[in-house]
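Undergrad: Need a 3D model of the sequence below.
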Amino acid sequence: MADEAQNIVQLELFAKELYETTNPVARIEVEKTLVQFVASPDCLNKCQFLLERGTSPYAQLLAATTLTKLITRVNVSLPLEQRIDIRNYVLNYLGSRPKTLNFVTHALVTLYARITKNGWFDSNKDSYIFRNVIDDVNQFLNSHLTRHILIGVQILCTLVSEMNQVCEAEASRSFTKHRKIASSFRDMQLFDIFQLGINLLKKAHEMIDTIDFSDPDQHGLLNHSLQLVHNCLVFDFIGASTDESSDDLCTVQIPTGWRTIFLDISTLKLFFDLYHRLPPALSSLTLSCLVQMASVRRSLFNNVERAKFLNDLVQGIREILESPQSLGDPSNYHEFCRLLARLKSNYQLGELVKVDHYPEIIKLIAEFTITSLQMWQFPANSMHYLLSLWQRMVAPVPYVKASEPHLLETYTPEVNKAYIMSRLDLVAIVRREGIDDPMEDQAMLSQQLEQLSTIGRYEYKKTCTLLVQLFDEAVQNYTTLVTTGQTGVDCYIQEGRLTWLVYIIGAVVGGRVSFASTDEHDEMDGELVCR
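TA: Below is the predicted model of the structure:
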């Protein structure tokens with residue numbers, strides 16, 4: 001017993017050094033020792049002993065992460081009984097020690113999720129023992145302690161995420177096996193978990209006035225409830241493995257069995273209401289959920305249902321634009337730009353013009369876009385979504401058969417002008433404020449100019465007139481500076497403005513499409529090129 005106690009003390013010291021040391025040599029030595037610890041035959045017992053009697057949270061973290069490594073070792077599988085014992089032990093530990101530090105709780109929850117995923121198809125006496133997820137979690141959710149409920153939601157949140165991805169430890173497992181597990185989980189558990197998350201948010205909405213957002217547990221419960229719903233909505237339902245970072249305009253392949261929730265008008269209303277009532281740290285997550293809901297596959301609805309869903313979605317967006325105070329938060333702002341872009345990626349212009357109060361809504365969106373472009377602090381990654389919206393709005397105009405006016409001829413030139421003028425004004429701001437020059441980011445620049453090539457060629461006469469005027473003025477000002485021998489900041493600014501105009505002119509001329517071009521457009525192209 002004394003030896004065990006001494007070993008535990010030594011392991012606690014190793015854990016402290018592993019997570020706190022800044023000496024790379026010392027860290028390497030500790031890691032070598034811990035590799036031997038993981039490979040030792042009594043590792044399982046020592047991890048349990050660390051969790052039970054360890055005085056340091058680092059020791060508890062070490063025990064949890066080591067157990068996770070044990071159950072995901074390649075070609076080495078723990079006996080089913082041991083994995084069941086570990087699963088039960090983790091649940092009991094979390095239930096009996098709710099005040100465990102957050103990073104230890106997270107490690108233990110990850111361990112539970114990993115055991116559940118790895119053992120999804122393992123049975124014990126004709127029972128799939130690791131599939132009792134809802135029953136496991138209900139013991140937390142039915143508690144009167146907020147901390148217990150938080151742990152239960154955290155377990156579900158982590159499990160959904162775990163089922164949806166191939167972690168580094170599982171890289172050797174075939175993708176087919178991963179999809180088999182994910183598909184079974186989707187069909188058997190995911191909808192129930194999604195409904196549970198929605199119900200938790202409804203309950204929070206009813207009690208919103210009594211929630212203390214300064215309380216870490218109450219704030220954390222609402223945060224994880226939102227994250228749980230979001231994780232369900234971003235689940236890879238059909239194994240498409242869409243990389244959202246490279247293509248943000250994807251379709252969410254919601255199963256047909258989920259239709260009832262999306263047809264219920266109260267679902268969308270819940271998230272819009274929560275956005276207006278929650279602090280910025282949480283409200284951005286409601287927008288993230290709305291982004292996914294706006295992207296559900298078209299075939300989930302019939303034509304009438306889709307029109308009603310779109311109408312409810314757009315009216316919620318209208319309310320945000322009419323009361324934009326919360327958009328001052330950068331996260332809210334970015335997610336709202338994503339939401340606007342998803343409007344046109346998933347719905348046709350002919351459908352959008354038929355929503356209630358369309359003239360007011362398109363005006364509000366145009367004003368929001370113009371104001372955004374005029375702010376030099378406006379982040380480029382958010383600008384991508386707004387430009388994408390307008391690019392996709394004007395592209396199908398020649399093919400729209402709806403009788404309702406789309407009003408794009410009124411607002412698109414203003415958006416186009418706002419972008420061009422903002423780029424020219426940015427030259428002086430880059431010089432004055434010392435911020436990064438967007439001209440140096442070639443990837444971003446090419447992307448924006450490609451979007452502008454479509455936007456600028458709509459109502460092309462107005463675009464051409466503006467560019468000719470700006471270019472002639474810039475040339476005249478630059479010529480005056482050169483002939484008078486001025487070579488300072490003013491000369492630098494004029495050179496920068498001319499550079500932007502050359503790029504923009506090249507983009508709009510390069511956006512010419514032969515089958516859609518007219519003699520008048522060709523004449524305007526020539527007018528710009530000769531500049």
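
Undergrad: Only the C-alpha atoms, please, for stretch 462-477, written as CSV.
TA: As requested, C-alpha coordinates have been extracted for stretch 462-477 and formatted as CSV (Å, rounded to 0.1, in the frame of the first residue of the first chain):
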residue,chain,number,x,y,z
LYS,A,462,-23.6,52.8,-64.0
THR,A,463,-20.5,50.8,-63.1
CYS,A,464,-18.7,52.0,-66.3
THR,A,465,-19.6,55.6,-65.7
LEU,A,466,-18.4,55.5,-62.1
LEU,A,467,-15.1,53.8,-63.0
VAL,A,468,-14.3,56.2,-65.9
GLN,A,469,-15.0,59.2,-63.6
LEU,A,470,-12.9,57.9,-60.7
PHE,A,471,-10.0,56.8,-63.0
ASP,A,472,-9.8,60.1,-64.8
GLU,A,473,-9.9,62.0,-61.5
ALA,A,474,-7.1,59.8,-60.1
VAL,A,475,-4.9,60.2,-63.2
GLN,A,476,-5.4,63.9,-63.2
ASN,A,477,-4.5,64.2,-59.5
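
Undergrad: buried sites along that stretch?
TA: By neighbour count, and taking 16 or more other Cβ atoms under 10 Å as the criterion, the buried residues in stretch 462-477 are Lys462, Thr463, Cys464, Leu466, Leu467, Val468, Leu470, Phe471, Ala474, Asn477. Placement of C-beta: from N, CA and C, glycine included.

Undergrad: any idea which of those residues is closest to Leu44?
TA: Within these, distances to Leu44 taken as Cβ to Cβ reach their minimum at Thr463, with 69.9 Å.

Undergrad: pLDDT at the closest one, what is it?
TA: Per-residue confidence at Thr463 stands at 90 (pLDDT).

Undergrad: Low-confidence ranges, the stretch 101-250 of the chain, go.
TA: Using pLDDT under 70 as the threshold, the predicted model of the stretch 101-250 of the chain has low-confidence ranges 167-173, 241-249.

Undergrad: at 80 instead, please
TA: Applying pLDDT under 80 to the predicted model, the residue ranges of the stretch 101-250 of the chain that meet it are 124-126, 166-175, 240-250.

Undergrad: pLDDT on stretch 303-312, on average?
TA: In this model, stretch 303-312 has an average pLDDT of 95.

Undergrad: and what of stretch 259-279?
TA: Per-residue confidence for stretch 259-279 averages out to 96 on the pLDDT scale.

Undergrad: And for stretch 505-518?
TA: Along stretch 505-518, the predicted local confidence has a mean pLDDT of 73.

Undergrad: what does stretch 397-408 give?
TA: Here stretch 397-408 scores 84 as its mean pLDDT.

Undergrad: quick one: contacts of it?
TA: Counting contacts by Cβ atoms under 8 Å, 6 or more residues apart in numbering, the residues outside stretch 397-408 that touch it are 348-350, 352-354, 358-359, 362-363, 393-394, 458, 516.

Undergrad: quick revisit: which of the buried residues of stretch 462-477 lies closest to Val25?
TA: Comparing the buried residues of stretch 462-477 against Val25 with Cβ to Cβ picks out Ala474 as the nearest, at 59.1 Å.
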